[in-house]
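Asker: Predicted model and sequence follow; I will ask about them next.
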Amino acid sequence: MTNNGVCNVVIEPDAPLTGSYKLYLVLVEDELIHSNYTHGSVMRDMIPTSSGLTIDMTSGQSMTEIFDFELDNSFVLENCRLVAFVQNTANKAILNAGTIHVSGIAPVNIPNLSLYGMDLDILNDDGDDKLNPGESTNLAVSVENNCDWVDADNVMGYLSSTSPYVTIGDSIGTYDLIVACDFIGNTTDQYQLSVSPDAPAVSELEFELRLTANQSSEAPYETIIPFTISMNFFQNHFPVAVTQPFVSGNAVVDLNGDGNKEIIIGGTDSLLHVITSNGSELAGFPFAITNKIPGSPAVADVDNDGDLEVVIAGRDGSIYVVQHDGSGTAVATAAYYLLGSPALSDLDGDGDLEIVTAGFGYDVMAIHHDGTTVTGYPVMLSSERMSCGVSLADLDNDGSDDIIVGTWSHKIHALNVAGNELAGFPVDIGDDCKAPPVIADLNGDDELEILVGQDDGVLYAISAAGQVLWTHATATSTSIRNAAAPIDIDGDGLLEIVYAALDGSIYVVDHAGNTVAGWPQSVGATCYSSPVVADLDGDGVAEIIVGSNDDAVYAFHADGTTVANFPVLVTGDVKGTATLDDLDQDGNLEIVIGTASELVVIDVKDLATGGDNWNTARGDYLRTGAYLYGYQVSTQPLANLPERLTLDQNYPNPFNPATHIRFGVPEAGIVSLIIYDVRGQEVATLVNDVFNQGWYELRWSGQNNQGKPVETGIYFTRIQTSSATRVVKMMLIK
């Protein structure tokens, strides 16, 4: 700031005025010290003169007056201000006044540089196009010169960082000339930096950029701009903001067969979204319905035409089948709201899939993919509202899936394909059931059990004959509103069960209902999100992932300890259920989950093994809620790790009804293990995921991809990696 200045006074009258007016501009100095006495405010000058400036305000239009002023060297700049006011000359009334500190008036003989943007060119990227620990990058920083300031010539940038994890290789960038109202980047002379492998995966790296300009002029310029570069777990292009909350699960599949996976999720915005890995909507989507989509989408080739379809149920009561190109239609309508996920299964054995839902209008619906009803349905459960998805599994071993559903009248129903209640059902569970049931063989006896929570905070285990085997109560009797997750955490062949209560407590119990050591754990807020499980860090033991209403996604190890860098904070309550899948197909898992404000993709950096775990809402994309087989890591000394792809003969063989398959993986990579019949047709895909080197064992219960028991005969197990294939022959005898 020099001693001379210019002040623009803008007058904007609300309406035309009559009479004579004057504009005064007064230079005032506050806190003026004179003869050991401090004056509060002292008038130093009246501009242009003490008589003011006569103005005409009768037109009502705004006007601008420009005044030159001068500061005496004795004035303390920080204490000086300009006061402008308009006065009626007839009655001396002041109409309005304004003030500004002189130090706040922009000096016009220097530039005013600020940060405009930045671009990272990562040199050793792991594929996510984001800066991570152990990576280095070129950095282009764009700098803007604000309007009404002088040009910035010979601009130089000097980069520094206070972070102990950052090493700057090239700290100097050249910008040359930046004229007023323009910006430029150092694209031809970028900064270069690297991040230590020891840096926290989630952190803020702090930098300072010192900019100099016009160093050879009478007014050399220098400024320091602080900024940060964030390292976090979010996949590039995510989170994606949404206008209405997501409250359901999602699917991660290659919907249109182009080799890239998409995220399929329904919203309370009444839209079915299909989001690509670059965060954009797939062509043809979103697909709109007339009300909210509260349940998770089911995905399968329902009509057996070779293409995938998406099945959704809406709060408008309709069931929709949507094609991979975004076209679709409502194929059936229930009596009232449909609030849960539709489930898919080949109920009648004709090769295509049927759609099963349960409604708020007391009806259990089973329809063919074209909307025609399955004989015996709908089944009306009088005065028994249903707000959750059903489970589909063959409880009575008759070769057809049964339909298991909970109601608001304390009941668990089990209906066969003809719509008849199974023997022993319904079962009274003591309070309203607003959580979807789950089906699994808890103790490995080849008999299925039903797991379901109710509103008094009790988890029930019910046999296929309708007998209550055991119960497990929450500590605070808080409602259970989400689905349990079955998983063999300790590899003993018996399942553990993970479930969450609304008070935010996460429980793990064994196959007999006993609390596992290290549990329960708390997420500190209401928990509507259903837990899912997968091996995030590739150590052969599954982790537990769940969202909460404190805007966070939590991950726990099997012993109850928190996974490093979790919880991950997001925007909005997390009521949806996560899907754990390799969205970008880079060899590690992503956590895909919807919140009240965004679709989040958390990129887990370890070479993880999703495996045949409960890694999505209802356990699979058919949304059957049934856990029919799984694999475990075999315990072997490191010296005995497989050196080649190995597939052992199954045992027992022949078998009925289940057999065990042991295989060895020589190096980390994608492994598929598929069962074929003697005609070469696929029967069941047991494994299609990333595995670390090691020995693994899974149990096949003689069921196909639709959960249907297969016939007596010869079957072939084929295991395949990118470099090798092995096949063994098995025999099923009934």
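Answerer: Sure thing, it's come through. Quick caveat, the model's predicted, so the values are computed rather than measured. Numbers count the residues shown, from 1 in each chain.
Asker: Surely Gly326 and Leu282 touch.
Answerer: Yes - with contacts counted by Cβ atoms under 8 Å, Gly326 reaches Leu282, the gap being 7.4 Å. Any C-beta I mention is one placed from the backbone N, CA and C, and that applies to glycine too.
Asker: quick one: common contacting residues for the two?
Answerer: Val274 (Cβ atoms under 8 Å, 6 or more residues apart in numbering).
Asker: I figured Asp301 hits Val310, correct?
Answerer: No - applying Cβ under 8 Å, one finds Asp301 not in contact with Val310, separated by 11.0 Å.
Asker: Compare those two (neighbour count), which wins?
Answerer: The neighbour comparison of Asp301 against Val310 (other Cβ atoms under 10 Å) goes to Val310, with 27 against 15.
Asker: I'd assumed the more buried one was in a strand, is it?
Answerer: Yes - counting by DSSP: H, G, I helix; E, B strand; the rest coil, Val310 is part of a strand.
Asker: Check it and give its pLDDT.
Answerer: You'll see Val310 listed with a pLDDT of 96.
Asker: how many other residues sit next to Asn256?
Answerer: Should you count by other Cβ under 10 Å, Asn256 turns out to have 19 residues around it.
Asker: Now do the SS call for it.
Answerer: coil.
Asker: For it, list the residues it contacts.
Answerer: Glu262, Leu282, His324, Asp325.
Asker: shouldn't the second one be in contact with Ile264?
Answerer: Yep, that's Leu282 we're talking about. No - counting by Cβ under 8 Å, Leu282 does not reach Ile264; the two are 9.0 Å apart.
Asker: anything in contact with each of these two?
Answerer: Common neighbours of Leu282 and Ile264 (Cβ under 8 Å, 6+ apart) are Leu255, Val274.
Asker: Looking at the two, which is more packed in?
Answerer: More crowded of Leu282 and Ile264, by other Cβ under 10 Å: Ile264, with 28 against 20.
Asker: centre of the chain versus the helix or strand where the more buried one lies, how much separation?
Answerer: Here Ile264 is covered by strand 262-266, with elements defined by DSSP states H and E. Computed by Cα atoms, centre = their mean, to the nearest Å, the chain-centroid distance of strand 262-266 equals 11 Å.
Asker: Kindly report the same for stretch 450-468.
Answerer: Worked out by Cα atoms, centre = their mean, stretch 450-468 lies 31 Å from the chain centre.
Asker: Take the contacts of Asn256 and keep only those in strands.
Answerer: Glu262 (DSSP state E).
Asker: Can you name the residues bridging to Thr717?
Answerer: Ile675, Val728 (DSSP bridges).
Asker: which residues does Asn138 contact?
Answerer: Leu120, Asp121, Leu123, Gln190, Tyr191, Gln192.
Asker: Revised request: answer the last question for Pro239.
Answerer: By Cβ under 8 Å, 6+ apart, the neighbours of Pro239 are Val570, Thr571, Thr595, Glu598, Leu599, Val600, Val601.
Asker: Skipping adjacent residues, who's closest to Pro220 in space?
Answerer: Asn214 (5.7 Å; Cβ to Cβ, 6 or more residues apart in numbering).
Asker: The one you found: how many residues sit nearby?
Answerer: 19.
Asker: Can you find which strand in this protein contains the most residues?
Answerer: From DSSP E, the single longest strand across the chain is strand 21-34.
Asker: Please tell me how far Val240 sits from Phe285.
Answerer: Per Cβ to Cβ, to the nearest Å, Val240 is found 13 Å from Phe285.
Asker: wait, Ile110
Answerer: 52 Å.
Asker: More neighbours: those two, which one.
Answerer: Per other Cβ under 10 Å, whichever of Ile110 and Phe285 has more neighbours is Phe285, with 22 against 19.
Asker: Regarding the nearest residue to that one once chain neighbours are set aside, which helix or strand does it belong to?
Answerer: Leaving aside its chain neighbours, Phe285 sits nearest to Val274 (4.2 Å; criterion: Cβ to Cβ, 6+ apart). Assigning secondary structure by DSSP H and E places Val274 in strand 271-276.
Asker: Quick one: work out the angle between that strand and strand 262-266.
Answerer: Orientation of strand 271-276 against strand 262-266 (axes from the mean of the first three to the mean of the last three Cα atoms, to 10 degrees) gives an angle of 170 degrees.
Asker: State the mean pLDDT of strand 271-276.
Answerer: Mean predicted confidence for strand 271-276 is 97.
Asker: Show the subsequent helix or strand relative to that strand.
Answerer: Of the helices and strands lying after strand 271-276 in sequence (DSSP H and E), the nearest is strand 287-288.
Asker: quick one: strands adjacent to that following strand?
Answerer: strand 271-276 (antiparallel).
Asker: what's next to the partner strand, contact-wise?
Answerer: 240, 255, 260, 262-267, 281-282, 284-289, 293, 297, 310, 312, 320, 322, 326, 599.
Asker: Which positions within the longest strand of the chain qualify as buried?
Answerer: For strand 21-34, a neighbour-count test (16 or more other Cβ atoms under 10 Å) marks Tyr21, Leu23, Tyr24, Leu25, Val26, Leu27, Val28, Glu29, Leu32 as buried.
Asker: Equivalent analysis for stretch 551-565, please.
Answerer: Asp551, Ala552, Val553, Tyr554, Ala555, Phe556, His557, Ala558, Val563, Asn565.
Asker: give me every residue that touches the closest residue to Trp519 other than its chain neighbours.
Answerer: Counting by Cβ to Cβ, 6+ apart, Trp519 lies nearest to Val508, which is 4.3 Å off, once chain neighbours are set aside. The contact partners of Val508, by Cβ under 8 Å, 6+ apart, come to Ile489, Glu496, Ile497, Val498, Thr515, Val516, Gly518, Trp519, Pro520, Ile544, Ala558, Gly560.
Asker: do you know how far Val508 is from Val523?
Answerer: 14 Å.
Asker: strand partners of the strand holding Ile264, parallel vs antiparallel please.
Answerer: strand 250-253 (antiparallel), strand 271-276 (antiparallel).
Asker: Out of these, which one sits most buried?
Answerer: Highest mean neighbour count among the strands paired with strand 262-266 (mean count of other Cβ atoms under 10 Å): strand 250-253, with a mean of 25.
Asker: Please save the CA atoms from it in CSV.
Answerer: Listed next in CSV are the C-alpha coordinates belonging to strand 250-253 (Å, rounded to 0.1, in the frame of the first residue of the first chain):
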residue,chain,number,x,y,z
ASN,A,250,-25.8,-53.6,-4.0
ALA,A,251,-24.3,-55.9,-6.6
VAL,A,252,-20.9,-55.7,-8.3
VAL,A,253,-21.1,-57.6,-11.6
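Asker: from here on, count from 133
Answerer: Got it, first residue is 133 now, which makes that one strand 382-385.
Asker: What average pLDDT does it get?
Answerer: 92.
Asker: Stretch 685-701 now?
Answerer: pLDDT averaged over stretch 685-701 gives 93.
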